[in-house]
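J.: Compute the structure for the input listed below.
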Amino acid sequence: MFTDKSQAVIDLAKGYAFSGGSAVLDMAAVVAAMVGQPEANVLLAECFKVKPNDLREACPERPEPSTCPGKLPLAEPVRALLGSAKALAEQVPDRIHPGLINVHHLVGAVATSREACEVVRQSPITTDAAAGLLASWQERDAQAPRLDELTERLRRLRTELMAKVFGQDHAIHAFVEDLFNAEVMAAADIQRKRPRALFVFAGPPGVGKTFLAELGASHLERPFKRFDMSAYSGHEQSQDLVGWAKSYRGAHPGHLTEFVEKNPNAVLLFDEIEKAHLNTIHLFLQLLDAGTLEDKFHERDVAFRDTTIIFTTNAGRKLYDQPNSSGVHGKNAAFHRKTILDALENETDPRTGQPFFPAAICSRMATGYPVLFNHLGVNELERVVRAELDRVAALLQLQYYKRVTFDDLVPMCLVLKEGARADARTLCAQAGTFLKNELFKFCQLFKSERLEEAFDAIDGIHLGLDGRPSDFEPAVADLFEQQERPAVLLIADADLTALYRENVTEVDWRFSSTADDALELLAEQEFDMVLLDLWVGGSAAGPAMTMRQFDHVPAAARGLGVGQELLRKIRDRLPNMPVYLLSLGESEGDYEGEGSIDEELFLACVRGGGARGMIVSSFIDGMVPGWQQHRDRLAARMIDTCKRLHREKSAARMGQERKTLSFDTAPRMDPEDRRLSIRLRNLRFARAIAAADAGEVLEDVERPRTRFDDVIGADGAKEELKFFIDYLKNPRRFAALGLKPPKGVLLHGPPGTGKTMLARAMAGESDVAFLSASASSFVTIWQGSGPQNVRDLFGRARRYAPAIIFIDEIDAIGRTRTGGAGGAEATENTLNALLTEMDGFTSPTADRPVFILAATNFEVESEDPSGTGRSSRTLDPALVRRFSRAILVDLPDRSAREKYLALRLIGRSACNVPKEIIKLIAERSSGMSIANLESIIETAARQAAKTGSELTGRLLEEAFETVRFGDARPRVPEAVKRTACHEAGHTILYWLSGRWPAYVTIVARGDHGGYMAPSADDLEQRGSQTRDELLARIRVSLGGRAAELAIYGPAAGLSTGASADLEHATNIARQMVCRYGMDDQFGLLVTPELMKYEGALSSPMYLRVNEITSKILKEQMDLTASLLGDNRRYLEAVTQALVEKERLTADELQQIMPEIRHHTAQT
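T.: Numbering: from 1, shown residues only. Predicted structure coming up:
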């Protein structure tokens, strides 16, 4: 008479009656049982239009029910109630058990019983109303899915989608989860008017958005219709969706409204919604709000309450074209729904500059389920191409009866031929085209009369590589096969790590059991993947009572705490590190044993982010029978997984460098096997720069061949830049250590010291994209062009990251800001944009950095730190602060100059320059840059070309003099002799100070009649100087005047040739007094302001300084004259040698004078 559920209610009523001491089953006990049963309580409250809690409170309290040992007689009102229930069961029978009384019938009988309603203080309803409610409840139950059926159906859907939709695991999980949300309570929500579910599939084109929608609708066995929104881009085309009024010629019902009217529970796909006209968008506002659209042809409303709406869009590029800054790998990126909606709302149409989606439609989209699709990885694209080749091969076999086969690597070659960032739609088309093109090429090799005979001579076509991957050039071979053992970090307990270390030798294992150790290892070494045992540090054998209540382990179970924390930390620090979960079981497919991970737990980890996959292993003991097979299966899975990850990494690097794989094809007929072989040969790389970036990014053929070894000098700068190149090659080390990556380096120093050459060497040494720009090219005649050009440069660098930006002559925009108007304003705006980009921009990911290299001849600090102003030749301090390092590229020292000259001259054709001359020029060229030396060589080479002779040492010396001082001037013999006497005086005093001059000449050039060049060591290695050394320098300066006085006498010995010498000596003496505190009379008081003439001439202190300076000069002049008198024979010898030879080297001077005698002044 009763169903199981209704019998339970009757038994509960008997328990209430028995515990209350009643001898019969009374109405109060029945009502108490109905109110106490959850389903009956809810339905009874619906009958009375009250809340279930209110109904429970209205029922009188009764003692706790107890088991009734026997039967209880029925009270008369209860007997009448059961009669009413039986009548309702006959009127509205149970769908599964017709003829039996179910809970619904009991509820209807109670709601119509006056006695029962009095118990809960409610008014009874009519029998017809009760029957109507029963019918509505049955219809609702028929529409409402059972949880077990719904869950199982969605699991099957997820499995099917995972097998057919590649690379969109997170989108599939989100879609299935949201389908559950949409279906689980849809039948009960009778007040809802909106469609049952709204999905927004956002992502790049050709990644499976439409395919997923079609497969989902097919599996749910619901009618499906796709609307291409590009067909509704006109302002009147929206009428085709809802129909045209009959007054129009050719009027017809709406394509959308007519389909939904016939199929109320349809799945509707609106593809590329951003292409729809605004009028069409406005239609969706009504559809998503009111759930109805009027069919203009039939003039009636069509309800969309039971439909499922799917919008697809290519908008949201700033999410799927940029890295996930939250630290979740792109494969499993779980952007917050608001983030996705904001990206759609802010996306603008480049044609109009207006948002694709008005705020109103975005507000309606927010009520649905946004799902973000990612770019497909190379392994997923390879599966797509393989499936397409199989399809086209089947068609070819069906039509021409020729079996088509292909090598395992051919699909990967076709993927890389289009570039790693191609979409699936393009690759499918190109894969089919490739096979057809090869068939066309085969046909072109035969005359028409022989073609059919040749085609009949083959039974199959085979596509393959011409050789093994190891036969290709190393860079190409590395795409397909990893050259070294894969490096894997296993995070597990000690017993398991010891077992794997000893037995699975195909993998280069590293082991850890804590987060800190794991991150330290990840910082020190490059790993192909991380294999994580989620149960590390916990126990899977004794799960908590909470876990035992479920068939699947919750992702937040306490036993997984350590493993989940490790997964989170690795995800946060190294978002692109592939992390696979290790599931251990005693046999294949064992998901219930100790250490195992079932499918639901794995999927929960994927949804949470960080897990890329799962490795199932039954190798947990090296002593059980058959352990070798378990080990071999694990090793094979590890090798296969690492191979796929290696290809993914290699393809990503190709995509960053905008490279594609090129190859040629060659046919070969095999009569014995009756097979046509199409061989792919000459595999090589080709760069495919985006059209907008052509000329801006260095091509491989344009990349400088300069290396750091080619840069002479600047050893400190080279060492620093090598360190930064190491960072660019392995940025993961910085990320794993939690260090802030360096932003860039500023090279500063004198002109011609090799700053640009260092940048060229950095471009040559690095394998990353190199973008070069001159700061002077940023600002043009157009308003706002400077900031825009800076933003474009950095945007381009992010696209090709990891990348180096080199900005030459950055001082063109980087000098200290003044806030002035006019032309300076445009420059300062450009500098502000540069500061913003350097400070605020983030590289695409931690392992795809953008590094900035800049060069300038300006100072990086104020020349006078104590001053209030900054020189016009000083860079803005805010710009300098943006760089991680400011490196001084100084003038080359003697050894660097000699090395450069030798590199450029020795072995050069038509060049005969002795090493002694090279050494001499290096000695004499102190203070000259590499650019100056290059100018000397070029000048000598031009002179040799003019005379038709080879480049000799004499020409090189002449070129040095010409470049440094100008062309030689002719002079009369008397002037030559006086100059020789003057320079000999300098030479003797320099020799007496303890050093040999590098060179002495009396050839007049520019504004001098001759000069003595100090030794390079004296100029370049001079540190702090003593008082004696400064006095020696004064005597050297006074040596020319003293020599003329000694040779020509007190009257004729005074000439204007010593003016510069006297000024130099005076300045040294003044500095000794005013700056160095080296005079006993003046003391330690430092007055550098007295070194300036302005405002000091009338100062008594200045006059005193002059007196002391004059005294020092007189004393040193007297000593100089005395020293020359003592060494007059050497003075005359050097003078005579200069008259005869015009120039003397250090070696020649050493033949005239003895070993150096160092003279110490006593004053």
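J.: For the closest residue to residue 800 other than its chain neighbours, grab the count of nearby residues.
T.: In this structure, residue 800 finds its nearest non-sequential neighbour in residue 769, 3.7 Å apart by CB to CB, 6 or more residues apart in numbering. Backbone N, C-alpha and C define where each C-beta goes, glycine included. Neighbour count for residue 769, taken as other CB atoms under 10 Å: 26.
J.: looking at this protein, which helix or strand does the model trust least?
T.: Taking mean pLDDT, DSSP states H and E as the measure, the helix or strand of the chain with the lowest value is helix 545-548, at a mean of 44.
J.: Just the CA atoms of stretch 1042-1057, as PDB, please.
T.: Output of stretch 1042-1057 as PDB, limited to C-alpha atoms (Å, rounded to 0.1, in the frame of the first residue of the first chain):
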ATOM      1  CA  ALA A1042     116.000  76.500 -17.400                       C
ATOM      2  CA  ALA A1043     117.600  74.700 -20.300                       C
ATOM      3  CA  GLU A1044     117.100  77.700 -22.600                       C
ATOM      4  CA  LEU A1045     118.700  79.900 -20.000                       C
ATOM      5  CA  ALA A1046     121.600  77.500 -19.600                       C
ATOM      6  CA  ILE A1047     122.300  77.300 -23.300                       C
ATOM      7  CA  TYR A1048     121.300  80.900 -24.500                       C
ATOM      8  CA  GLY A1049     122.100  82.900 -21.400                       C
ATOM      9  CA  PRO A1050     119.900  85.100 -19.100                       C
ATOM     10  CA  ALA A1051     118.700  87.400 -21.900                       C
ATOM     11  CA  ALA A1052     118.400  85.300 -25.000                       C
ATOM     12  CA  GLY A1053     117.200  82.300 -22.900                       C
ATOM     13  CA  LEU A1054     113.800  84.000 -22.100                       C
ATOM     14  CA  SER A1055     111.200  83.000 -24.700                       C
ATOM     15  CA  THR A1056     107.400  82.600 -25.000                       C
ATOM     16  CA  GLY A1057     107.700  78.900 -25.500                       C
END
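J.: got a list of contacts for it?
T.: Contact with stretch 1042-1057 is made by 978-979, 981-982, 984-986, 988-989, 1009, 1040-1041, 1058, 1117, 1120-1121, 1124-1125, 1128, 1131-1132, 1135, as judged by CB atoms under 8 Å, 6 or more residues apart in numbering.
J.: now it: mean pLDDT?
T.: Averaging pLDDT along stretch 1042-1057 yields 88.
J.: can you pull the buried residues of that stretch?
T.: Along stretch 1042-1057, these residues count as buried under the neighbour rule (16 or more other CB atoms under 10 Å): 1042-1047, 1053, 1055, 1057.
J.: again with stretch 516-532
T.: By neighbour count on 16+ other CB under 10 Å, the buried set for stretch 516-532 is 518-519, 521-523, 527-532.
J.: Out of these, which sit inside strands?
T.: Among those, DSSP state E puts 529-532 in strands.
J.: out of the residues you listed, what pair is the most spread apart?
T.: Farthest-apart pair in these is 529 and 532; separation 9.8 Å (CB to CB).
J.: what kind of secondary structure is the residue lying closest to residue 1083 once chain neighbours are set aside in?
T.: Nearest non-adjacent residue to residue 1083, counting by CB to CB, 6+ apart: residue 1077, 6.9 Å away. Classification of residue 1077 using DSSP: H, G, I helix; E, B strand; the rest coil returns coil.
J.: Same check on residue 1018?
T.: At residue 1018 the chain is in helix, as set by three-state DSSP.
J.: low pLDDT regions in the stretch 201-350 of the chain?
T.: Judged by pLDDT under 70, the stretch 201-350 of the chain has its weakly predicted residues at 318-336.
J.: what does the stretch 401-550 of the chain give?
T.: In the stretch 401-550 of the chain, residues with pLDDT under 70: 420, 537-550.
J.: residue ranges for the strands of it, please.
T.: Assigned by DSSP state E, counting those that start in this stretch, the strands in the stretch 401-550 of the chain fall at 403-406, 460-465, 487-491, 508-512, 529-532.
J.: Quickly check the buried residues of stretch 1042-1057 for the two that are furthest apart.
T.: Greatest spatial distance among these (CB to CB): 1046 and 1057, at 14.6 Å.
J.: and the protein, what are its domains?
T.: Here the domain assignment for the chain is 4-143, 147-372, 378-465+658-687, 485-637, 693-888, 894-965, 968-1152, based on automatic domain parsing.
J.: Identify whichever of the ones you listed lies nearest to residue 652.
T.: Closest of the domains of the chain to residue 652 is domain 378-465+658-687, at 6.4 Å (criterion: CB to CB).
J.: List the contacts of the helix or strand harbouring residue 1131.
T.: Assigned by DSSP states H and E, residue 1131 belongs to helix 1128-1141. By CB under 8 Å, 6+ apart, the residues outside helix 1128-1141 that reach it are 976-977, 979-981, 983-985, 987-988, 991, 1000-1002, 1010, 1043, 1046-1047, 1124, 1144, 1148-1149, 1152-1153.
J.: what does the helix or strand following it rub up against?
T.: For helix 1128-1141, the following helix or strand on the C-terminal side (DSSP H and E) is strand 1143-1145. With contact meaning CB under 8 Å, 6+ apart, strand 1143-1145 is reached by 920, 957, 987, 998-1003, 1134, 1137-1138, 1152.
J.: Now the buried members of these.
T.: Among the contacts of strand 1143-1145, those buried by neighbour count (16+ other CB under 10 Å) are 920, 957, 987, 998-1003, 1134, 1137-1138.
J.: Could you dump the residues you listed into TSV with pLDDT and distance to residue 502 added?
T.: Shown next, in TSV, are the buried ones among the contacts of strand 1143-1145 (pLDDT from 0 to 100; distance: CB to CB, whole Å):
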residue	pLDDT	distance to residue 502
920	86	68
957	85	72
987	93	79
998	85	69
999	83	72
1000	91	78
1001	89	78
1002	88	84
1003	84	81
1134	92	83
1137	92	83
1138	89	83
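J.: Specify which member of the residues you listed is nearest to residue 785.
T.: Among the buried ones among the contacts of strand 1143-1145, residue 957 lies closest to residue 785 (CB to CB), at 49.5 Å.
J.: Wait, the closest one touches residue 917, no?
T.: Yes - at 6.6 Å, residue 957 counts as touching residue 917 under the criterion of CB atoms under 8 Å.
J.: Turn the buried residues of stretch 1042-1057 into TSV, columns for secondary structure.
T.: Output for these, formatted as TSV (three-state DSSP):
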residue	secondary structure
1042	helix
1043	helix
1044	helix
1045	helix
1046	helix
1047	helix
1053	coil
1055	coil
1057	helix
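J.: between those, which is closest to residue 1031?
T.: Ranked by distance to residue 1031 (CB to CB), the buried residues of stretch 1042-1057 are led by residue 1042 at 14.3 Å.
J.: Now do the buried residues in the lengthiest helix in the chain.
T.: Counting residues, the longest helix found in the chain (DSSP state H) is helix 627-656. Within helix 627-656, the residues that count as buried by 16+ other CB under 10 Å are 627, 630-631, 634-635, 638-639, 641-648, 650-656.
J.: same for it, what does it pack against?
T.: Judged by 3 or more CB pairs under 8 Å, 6 or more residues apart in numbering; DSSP states H and E, the packing partners of helix 627-656 are helix 378-400, helix 410-417, helix 474-480, strand 529-532, strand 611-617.
J.: Show me what the last one packs onto, helices and strands only.
T.: In this structure, strand 611-617 makes packing contacts with strand 579-584, helix 599-608, helix 627-656, judged by 3+ CB pairs under 8 Å, 6+ apart.
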